[in-house]
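A.B. asks: build me a model from this:
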Amino acid sequence: MDRGLVSVIMPSWNTAGYIMESVESVLNQTYQNWELIIVDDASTDGTVDLLKQVNDPRVKVFVNEQNSGAAVTRNRAMREAKGDWVAFLDSDDLWSPTKLEKQLEFMVEHDYVFSYHDFEKIDEASKPIGIRVSGPDVVTKHKMYNYGYPGCLTFMYKASAFGVIQIKDIKKNNDYAILLQLCKKASCYRLPENLAQYRIRTVSISHDKLSKKLRSHYDLFHMCDEKPALIAFWFACWNMFYGVLKKIRYENQI
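C.D. replies: Numbers count the residues shown, from 1 in each chain. Reported below is the predicted structural model:
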């Protein structure tokens, strides 16, 4: 059943070792009415040359003239989106074949405009490491400020309910900046199915030191969400606390 065009947002930068597998996971979707918008941030590792091999008119590749950062790149992709729905997949992560079909069915049947689902973690060789990540059944605005539960590779929203989303130029937490804008207009509902794979890499932010994580969260609330400095610092600390709780409650061995 055709439920409208889905715009899939995929920023890329030096992910030649992974991006074709990510693109393939979109090409393999059982739901066919989508456009994949890839904006490459001036990669130097041959990523763009690889993308030229993709022969599907639904895959649209744009290349920044110079390296501009993740937020600027993601913003450009969101401006190019023409879909009724907007979903996200980073250029090293993967979707299960029925991801779009099942998530659209879940949203349309319940009249939801904002949803997410569970995912599992994989290593750099695409091998599952036995951890499934879930979250609250409903992420209200209050819960979203506690923690950005929906993974970037899992959430989808109805474009007409939110308009064109643009975020400020911060180095980290781009996906959380988008979530903070979305949650002000609607709660996010969880589809309790594992429909994606998140790749753990040695360069991942998850390996950043605690002080860097705290700083990136402060920037998120202060710069992007325009909270006063003390309140932004409070939210950053609160977020770190809920990050620990999230690992205990919602990251389970499988």
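A.B. asks: so what's residue 145 up against?
C.D. replies: Each residue near residue 145 by Cβ atoms under 8 Å, 6 or more residues apart in numbering is listed here: 180, 183, 235, 238-239. Placement of C-beta: from N, CA and C, glycine included.
A.B. asks: for residue 233, same thing?
C.D. replies: 218, 222.
A.B. asks: what residues of the host helix or strand of it count as buried?
C.D. replies: Using DSSP states H and E, residue 233 falls within helix 229-250. Burial within helix 229-250, assessed by neighbour count using 16 or more other Cβ atoms under 10 Å, is assigned to 232-233, 235-236, 239, 242, 246.
A.B. asks: do stretch 72-83 as well
C.D. replies: 72-78, 81, 83.
A.B. asks: picking that back up, and the helix or strand that the helix holding residue 233 is followed by, what does it pack onto?
C.D. replies: Per DSSP H and E, the first helix or strand lying C-terminal to helix 229-250 is strand 251-253. In terms of contacts (3 or more Cβ pairs under 8 Å, 6 or more residues apart in numbering; DSSP states H and E), strand 251-253 is packed against strand 128-133.
A.B. asks: kindly recompute the last result at 10 Å.
C.D. replies: strand 114-122, strand 128-133 (3 or more Cβ pairs under 10 Å, 6 or more residues apart in numbering; DSSP states H and E).
A.B. asks: what lines up beside the first one in the sheet?
C.D. replies: Partner strands for strand 114-122, per DSSP bridges, with pairing direction: strand 128-133 (antiparallel), strand 156-158 (antiparallel), strand 188-199 (parallel).
A.B. asks: how about the residue most central in space within the chain, secondary structure?
C.D. replies: Nearest residue to the geometric centre of the chain (Cα atoms, centre = their mean): residue 152, 1.9 Å. Look at residue 152: counting by DSSP: H, G, I helix; E, B strand; the rest coil, its state is coil.
A.B. asks: my read: it touches residue 88, true?
C.D. replies: Yes. Contact status for residue 152 versus residue 88: in contact at 5.1 Å, counting by Cβ atoms under 10 Å.
A.B. asks: intersection of neighbour lists for these two?
C.D. replies: 9, 74, 174-175, 178 (Cβ atoms under 10 Å, 6 or more residues apart in numbering).
A.B. asks: and which of those is nearest residue 35?
C.D. replies: Distance to residue 35 across the shared contacts of residue 152 and residue 88 (Cβ to Cβ) is lowest for residue 9, with 10.0 Å.
A.B. asks: how about residue 158, nearest residue that isn't a chain neighbour?
C.D. replies: The spatially closest residue to residue 158, leaving aside those adjacent along the chain, is residue 113, at 4.1 Å (Cβ to Cβ, 6 or more residues apart in numbering).
A.B. asks: thinking that neighbour is in contact with residue 156, fair?
C.D. replies: Yes. Assessed by Cβ under 10 Å, residue 113 is found in contact with residue 156 at 9.5 Å.
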